[in-house]
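K.L.:
Coordinates only, no sequence provided:
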Ligand code: HEM
């Protein structure tokens, strides 16, 4: 009877089955269930236990997040469970590697992500995709009064962009559905969804039976991975051949990795590329989709963004339709605050997990055992009164502005881009992309979001990234000049 009561750390622990009954009941609203539980806990940290020896801790406590991501980083690797579930899809790519395999990729990638040449390459790609594809599509939707799924369009935009960055290939997903690139994107999406679905099995590792028999979701996963690999392999093989013939002047990440390493296998290069595509694929589109929804119900915030854009255009002598430079994007402090505030409430990576290597005691005194999982919920942290105050559920970009400048929050209080040695490498590129898109779309169009009947806000989908279930259906109107 004792164990049926609410455990001191928030979750009900039933005999034998642990938190499984509540997990099954709340799986569809997992992040909110988690937020409610963590808010009730004295140190915003809760113990989670279900059959199959799944033990772990979920936290929304900045001190504990700092402990796992930085102070005791070595004790919290991705770990064998995470790596084995994503192995088929990601191999040993940076997203799915620990120790020396991770260090080697991180070193090359952090050097490259800090170069001006990569930033310029990314800026050119964004400007070209924006002005040649995204804006014309939205213009035509506005002129014909057609409903457009903004999330879908933004995902295609982000996918084209990250493929250019990763291996200088334009899949032209925003151009249409009939391209080989669009097939690659669909297969990539299926592979990402089905691989992440392996984490949600009520009985862990039961996916192995389906995998062995090659049936159901595992059969689909195998086919999707084969399509992704085939597409990537063709590009990589031709790039390696080209490298031996001529000096490579491509600016993309694949070329930079080939240039920096000797004797690197084609298979490993494929893993490198796939991890980068995964990392940069859905994150910016998810953030922008939630932002456009938030702004559609907050004309006051939208008006402030438009004022800021107008004053930047005035100072630089630009008009609507011109491409914003890097310096101009940097001066968009209020827009940056609006985007950061959107991601506080709707973080593109809502929850992130590590494996505890050796028994440890967390800063609040909670014990964690070897091989337990250790997760932090960025979703819950953005909604914690203990972190953001009484108005934590309110969308208020002003909380980011200090003396007219958008301030940086501690990554442990706001772990939307992770923190410590594995902090997101694409943070700056992501802001370039998000600000360019948001500025160009908002100054041209008014967006009216169409919600499903009987709902007052979009619902999220359970996947690696926090997407809107059913997309973001909207009508656009040209703004009057
Ligand atoms: C709003 C956009 C983005 C958000 C919120 C975001 C968030 C994150 C988070 C939470 C992680 C840690 C994941 C983990 O280790 O489990 C991460 C890692 C990473 N991100 Fe981003 N990301 C964004 C955009 C991008 C972009 C555009 C790129 C560029 C391709 C990128 C590249 C990476 C890479 C390479 C890592 C792995 C770093 C490592 O393990 O050392 N991200 N990101």
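P.N.:
Alright, I've got the coordinates. These figures come from a predicted structure and were not determined experimentally. Residues are numbered from 1 along each chain as shown.

K.L.:
Identify all contacting residues around stretch 397-408.
P.N.:
Stretch 397-408 has contacts (CB atoms under 8 Å, 6 or more residues apart in numbering) with 301, 304, 333, 334, 336, 337, 338, 340, 341, 388, 409. For glycine as for every other residue, the C-beta is placed from the backbone atoms N, C-alpha and C.

K.L.:
Could you list the buried residues of the helix or strand containing residue 100?
P.N.:
Take DSSP states H and E as the rule and residue 100 turns out to sit in helix 99-113. Buried positions in helix 99-113, judged by neighbour count with 16 or more other CB atoms under 10 Å: 101, 102, 104, 105, 108, 109, 112, 113.

K.L.:
Skipping adjacent residues, who's closest to the residue in the chain that the ligand sits nearest to in space?
P.N.:
Nearest residue of the chain to the ligand (CB to the nearest ligand atom) works out as residue 426 at 2.1 Å. Distances taken as CB to CB, 6 or more residues apart in numbering put residue 280 closest to residue 426, at 5.2 Å, once the chain neighbours are dropped.

K.L.:
Model confidence at the one you found, what's the number?
P.N.:
You'll see residue 280 listed with a pLDDT of 89.

K.L.:
in what helix or strand does it lie?
P.N.:
With DSSP H and E as the criterion, residue 280 is inside helix 266-281.

K.L.:
for that helix, packing partners?
P.N.:
Helices and strands touching helix 266-281, by 3 or more CB pairs under 8 Å, 6 or more residues apart in numbering; DSSP states H and E, are helix 79-90, helix 99-113, helix 150-167, helix 180-197, helix 216-245, helix 253-260.

K.L.:
follow-up on the earlier one: what about the residue of the chain closest to the ligand, how many neighbours?
P.N.:
20 (other CB atoms under 10 Å).

K.L.:
Kindly report the same for residue 318.
P.N.:
Using other CB under 10 Å, residue 318 has 15 other residues around it.

K.L.:
Also near the ligand: which of the buried residues of helix 99-113, exactly?
P.N.:
Among the buried residues of helix 99-113, the ones lying near the ligand by CB under 6 Å from any ligand atom are residue 109.

K.L.:
sorry, back to before: does the helix holding residue 280 come close to the ligand?
P.N.:
Yes - counting by CB under 6 Å from any ligand atom, contacts between helix 266-281 and the ligand involve 276, 279, 280.

K.L.:
Repeat that for stretch 187-196.
P.N.:
No - using CB under 6 Å from any ligand atom, we find that stretch 187-196 stays clear of the ligand, coming within 11.6 Å at best.

K.L.:
what is the mean pLDDT for that stretch?
P.N.:
91.

K.L.:
So what touches it?
P.N.:
Applying CB under 8 Å, 6+ apart, the contact partners of stretch 187-196 are 85-86, 88-90, 159, 217-218, 220-221, 223-225, 227-228, 231, 277-278, 281-282, 463-464.

K.L.:
contacting residues around residue 222?
P.N.:
Contacts of residue 222 by CB under 8 Å, 6+ apart are 88, 211, 214.

K.L.:
who wins for neighbours among those residues?
P.N.:
When neighbours are counted by other CB under 10 Å, residue 211 leads these with 18 neighbours.

K.L.:
What residues does this structure have near the ligand?
P.N.:
Selection of the chain residues close to the ligand by CB under 6 Å from any ligand atom yields 94-95, 106, 109, 162, 165, 276, 279-280, 283-284, 287, 348-349, 352, 416-418, 422, 424-426, 429-430.

K.L.:
Need the buried ones from those residues selected in ChimeraX.
P.N.:
Entered in ChimeraX, the line below selects the buried ones among the residues of the chain next to the ligand, by 16+ other CB under 10 Å:
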select :94,95,109,162,165,276,279,280,283,284,287,348,349,352,416,417,418,422,424,425,426,429,430
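
K.L.:
Give me the subset of the residues of the chain next to the ligand lying in helices.
P.N.:
106, 109, 162, 165, 276, 279, 280, 283, 284, 287, 429, 430 (DSSP state H).

K.L.:
so what's the fourth one up against?
P.N.:
When you say that, I think you mean residue 165. 118, 121, 122, 125, 252, 253, 276, 280, 429.

K.L.:
Can you name the helix or strand that the fourth one falls in?
P.N.:
In other words, residue 125. helix 116-129.

K.L.:
Can you spell out which helices and strands pack onto that helix?
P.N.:
helix 150-167, helix 427-444.

K.L.:
Packed most tightly, which of those would that be?
P.N.:
Of the helices and strands packed on helix 116-129, the one with the most neighbours on average (mean count of other CB atoms under 10 Å) is helix 150-167, at a mean of 24.

K.L.:
mind showing which ranges of the chain have poor pLDDT?
P.N.:
Along the chain, the parts satisfying pLDDT under 70 run over 1-9, 50-52, 177-178, 202, 243-250, 480-481.

K.L.:
which residue packs closest to the residue nearest the centre of it, ignoring adjacent ones?
P.N.:
The centroid of the chain falls nearest to residue 283 when counting by CA atoms, centre = their mean (3.1 Å). Once flanking residues are discounted, residue 283 sits nearest to residue 348: 4.1 Å by CB to CB, 6+ apart.

K.L.:
surely that neighbour meets residue 465?
P.N.:
Yes - using CB atoms under 8 Å, residue 348 is in contact with residue 465, at 5.1 Å.

K.L.:
what is in contact with these two at once?
P.N.:
282, 283, 286.

K.L.:
so can I have CSV of those showing distance to residue 34?
P.N.:
Putting the shared contacts of residue 348 and residue 465 into CSV (distance: CB to CB, whole Å) gives the following:
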residue, distance to residue 34
282, 21
283, 20
286, 18
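
K.L.:
ok, of the contacts of residue 222, which one's closest to residue 184?
P.N.:
residue 88 (17.1 Å; CB to CB).

K.L.:
mind listing what that closest one touches?
P.N.:
Residue 88 touches 195, 221, 222, 225, counting by CB under 8 Å, 6+ apart.

K.L.:
cool, residue 39 as well?
P.N.:
60, 380, 383, 384, 385.

K.L.:
distance between the helix or strand harbouring it and the chain's centre?
P.N.:
Assigned by DSSP H and E, residue 39 belongs to helix 30-40. Counting by CA atoms, centre = their mean, to the nearest Å, helix 30-40 is centred 20 Å from the centre of its parent chain.

K.L.:
What residues sit buried inside that helix?
P.N.:
Using 16+ other CB under 10 Å as the test for burial, helix 30-40 gives 30, 31, 33, 34, 35, 37, 38, 39.

K.L.:
ok, and the closest non-adjacent residue to the fifth one?
P.N.:
Among residues not flanking residue 35 along the chain, residue 380 sits closest, at 4.0 Å (CB to CB, 6+ apart).

K.L.:
Surely that neighbour is within a helix?
P.N.:
Yes - the assignment for residue 380 is a helix, going by DSSP: H, G, I helix; E, B strand; the rest coil.

K.L.:
what's the neighbour count on it?
P.N.:
Neighbours of residue 380 (other CB under 10 Å): 27.

K.L.:
One more: residue 378?
P.N.:
24.

K.L.:
How about the contacts made by residue 58?
P.N.:
Contacts for residue 58 (CB under 8 Å, 6+ apart) come out as 34, 37, 38, 45, 46, 48, 351, 375, 376, 377, 380.

K.L.:
re earlier: contact partners for the residue of the chain closest to the ligand?
P.N.:
113, 279, 280, 283.

K.L.:
Could you pull up phi and psi at it?
P.N.:
phi -100, psi 10 (degrees, to the nearest 10).
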